[in-house]
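**Q** Need coordinates for the following:
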Amino acid sequence: MAEIVFAVARKVSEYLVAPIGRQLGYLFCYRSHAEKLRNQVQTLRTARNDQQMKPPEKGMKSDQLFKTG
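**A** Residues are numbered from 1 along each chain as shown. Reported below is the predicted structural model:
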């Protein structure tokens, strides 16, 4: 009987403790996650600006040169 209780308790802890721990981790580490996100956004902006500053390729049509989005 005790083995069954321990087995059930183990399964319950697998399904409850891990997600709760993950959520608590988000709460405690939100600053570092936000800082990483800011850094990634800045990296993407830099890459986009570098890409937009490249000279046009030979033979490109004007609608391809000024494409937005």
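
**Q** and Leu37, how many neighbours?
**A** Residues near Leu37, counting by other C-beta atoms under 10 Å, number 10. (Glycine included, C-beta is placed from N, CA and C.)

**Q** State the helix or strand in which it lies.
**A** For Leu37, the host element (DSSP states H and E) is helix 30-52.

**Q** hmm, who's touching that helix?
**A** Applying C-beta atoms under 8 Å, 6 or more residues apart in numbering, the external contacts of helix 30-52 come out as Tyr26.

**Q** Try it again at 10 Å.
**A** 25-26, 29 (C-beta atoms under 10 Å, 6 or more residues apart in numbering).

**Q** Take those and write them to TSV, including distance to Met1.
**A** Output for the contacts of helix 30-52, formatted as TSV (distance: C-beta to C-beta, whole Å):
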residue	distance to Met1
Gly25	36
Tyr26	38
Cys29	41
